[in-house]
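K.L.:
quick check, what structure comes out for this input:
(one chain, ligands or ions: 2)
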Amino acid sequence: MTIHQAIASPGCGCDSQDMLHSLISIDEALARIAGHIAPVGRTEALSLDHAFGRILAQPVRSRAMAPAFDNAAMDGYAIATSALTGAGPWVLPVVARVPAGQAVTTPVAGAVAARIFTGAPVPLGADSVVMQEDVLRDGDAIHLSHRPEPGLNVRRAGSDIAKGATVLDKGRRLGPREIAACAAAGAGILRVRRRLRVALLVTGDEVRRAGGAREEAQIWDVNTPMLTAGLAAADVDVVASAHGADNLAGLVRELGDMAAQADLVITTGGISVGEEDHVKPAVMALGGETLFSGVAIKPGKPVSVGRIGKAHWLGLPGNPVSAFVTWQVFGLALIRALSGAGPAPTRRHVVTAGPIRRKPGRCELRPATLAGFDGHGREIVSFEDATHSARVGLLSPADGLMFLPADVESLPAGALVEFQPFCQS
Ligand SMILES: Nc1nc2c(c(=O)[nH]1)N[C@H]1C(S)=C(S)[C@@H](COP(=O)(O)OP(=O)(O)OC[C@H]3O[C@@H](n4cnc5c(N)ncnc54)[C@H](O)[C@@H]3O)O[C@H]1N2
Ligand code: MOO
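P.N.:
Ligands and ions are numbered 1, 2, ... in the order given. The predicted structure is shown next:
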């Protein structure tokens, strides 16, 4: 088996700068985001009920042991195994009844039993809970024929979470599993990052609202609905969303307004080299700066990250597939960095369903679809012959992006390549 690209490699192949010198590699671009973008400092306290999707600003520590007390894992009878003398069977009088939620006062002292229910505290003296199916109930006594092990069906205090243990580190995004951990740890109020304020400016004279009236040479706007959905899933506040015309003065005005109210301004389109591409000149006219502008990837080469005043700026290309790919790779990385979230999920290896022939030069991020497993249990991806930055129809069947190193011209079927699954946001 030939590994064409080791996951631990420092670069993805696009470091080979035999092409345009102005472009940086994808890994360098991601490293600049990680190295230069600090979290927006604002935090707030939220109740657990309202914390879904937020990023923890502080670690969560358990206020108490979980479980807080020894309790029964089954409906049955709590007994003291040390009181079972001889070989049995034993007849044990039932001296107490302990439902869940009720503090227990009667101890199990000697050869007696307490009727107990799942989740109820195990009475003092008892060390084992025998399932009711394993005893014979006879009036006020039970008949027990097999000696239970000490600890049988007892959930020990602290066996799940120790008091004071860190159940979640800061930077974790609160999904259902994290919320469950907070609840078990008794953390009812959490210190979380405030939602990022994001503004979206989709540019292009030809762009019209999706599904609405359009003249010849006009197109429906894919980027606004696509990115609005992505931003909703990323749990940010969209504080402004507008359509910008291809004119410098208008863009300067709109970008200036947006930068004054947002932590992050996202633009699409108008970022290439033609004289109709006014986004970068507008950013510069506002005294902005770039962290990078141009990455050796296909699609999405013109993607840019920088600042406009106090706001961060993400310039995505206009082609919708390019915009989506660069949103997935750089947009989500930027949002993670700004919201103090931990590192992004890593790429994994998959094998190619068929051979690949391509023009080398830029690292290609080609939409790919998971297509089962090969005889070695490795995941296979299928894909189109080439990446088309304007063919939106190719996006929805895909599950993620296959990374083809910049210098690779051909790969056989079964080649191992990196794969980054699409994030829902
Ligand atoms: N001479 C060169 N031309 C181009 C280069 C280059 O290096 N030299 N790069 C090409 C690449 S690669 C890309 S990617 C695009 C990026 O262009 P822009 O970001 O300036 O985007 P636009 O020109 O505004 O639009 C590109 C394309 O996408 C369509 N579009 C724009 N917005 C939307 C939208 N909201 N919904 C749907 N479709 C949209 C637009 O109509 C264009 O067809 O530049 C290449 N050119
Ligand atoms: O960088 Mo562009 O997205 O290839 O068409």
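K.L.:
need the pLDDT of the residue of the chain most remote from its centre.
P.N.:
For the chain, the C-alpha farthest from the mean C-alpha position belongs to G86; by Cα atoms, centre = their mean, that distance is 57.5 Å. pLDDT, G86: 90.
K.L.:
do the same with S272
P.N.:
According to the per-residue confidence, S272 scores 88 in pLDDT.
K.L.:
helices and strands around whichever strand or helix holds E44, which ones?
P.N.:
Assigned by DSSP states H and E, E44 falls within strand 43-47. When contacts are defined as 3 or more Cβ pairs under 8 Å, 6 or more residues apart in numbering; DSSP states H and E, strand 43-47 sits against strand 189-193. No exception for glycine: its C-beta is placed from N, CA and C like everyone else's.
K.L.:
check which helices and strands the strand it packs on is in contact with.
P.N.:
Under the contact criterion of 3+ Cβ pairs under 8 Å, 6+ apart, strand 189-193 touches strand 43-47.
K.L.:
what pairs with the strand it packs on, parallel or antiparallel?
P.N.:
Paired neighbours of strand 43-47 in the sheet (DSSP bridges): strand 189-193 (antiparallel).
K.L.:
thinking again about what came up before, centre of the chain to the strand holding E44, how far?
P.N.:
Remark: strand 43-47 is offset 20 Å from the chain centroid, using Cα atoms, centre = their mean, to the nearest Å.
K.L.:
can you list the low-confidence ranges for this protein?
P.N.:
The chain contains residues with pLDDT under 70 at 1-21, 425.
K.L.:
up against ligand 1, what does it have?
P.N.:
Listed as neighbours of ligand 1 in the chain under the rule Cβ under 6 Å from any ligand atom: 202, 204, 206-207, 219, 221-223, 268-273, 277, 299, 301-302, 317-320, 322, 389-390.
K.L.:
among those residues, the buried ones, what's the ChimeraX command?
P.N.:
One line in ChimeraX is enough to select the buried members of the residues of the chain next to ligand 1, burial here meaning 16 or more other Cβ atoms under 10 Å:
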select :202,204,207,221,222,223,268,269,270,271,277,299,301,302,317,318,319,320,322,389
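K.L.:
domain parsing for this protein?
P.N.:
What the TED database lists as the domains of the chain is 26-43+195-339, 44-65+161-193, 71-155, 348-421.
K.L.:
just say which of the ones you listed is most tucked in.
P.N.:
A comparison of the domains of the chain by mean neighbour count, using mean count of other Cβ atoms under 10 Å, puts domain 26-43+195-339 on top with a mean of 19.
K.L.:
first residue to last residue on that domain, what's the distance there?
P.N.:
Start to finish, the residues bounding domain 26-43+195-339 are 21 Å apart (Cα to Cα, to the nearest Å).
K.L.:
for the protein, what spans make up the helices?
P.N.:
Counting by DSSP state H, the segments of the chain that form helices are 26-36, 176-184, 223-233, 248-261, 279-285, 320-326, 332-338.
K.L.:
okay if I get those helices as CSV plus distance to L404?
P.N.:
CSV is the format used below for these (distance: least, Cβ to Cβ, whole Å):
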stretch, distance to L404
helix 26-36, 12
helix 176-184, 34
helix 223-233, 24
helix 248-261, 34
helix 279-285, 28
helix 320-326, 13
helix 332-338, 20
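K.L.:
my read: L84 touches W90, true?
P.N.:
Yes: with contacts counted by Cβ atoms under 8 Å, L84 reaches W90, the gap being 5.5 Å.
K.L.:
need the overlap of contacts for these two.
P.N.:
With contacts taken as Cβ atoms under 8 Å, 6 or more residues apart in numbering, the residues that reach both L84 and W90 are A111, L144.
K.L.:
CA atoms only for the strand holding E44, dumped as CSV, please.
P.N.:
Written as CSV, here are the backbone C-alpha positions of strand 43-47 (Å, rounded to 0.1, in the frame of the first residue of the first chain):
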residue,chain,number,x,y,z
THR,A,43,-18.1,36.2,27.9
GLU,A,44,-21.5,35.8,29.7
ALA,A,45,-23.1,33.5,32.3
LEU,A,46,-25.9,31.3,30.9
SER,A,47,-28.1,28.7,32.4
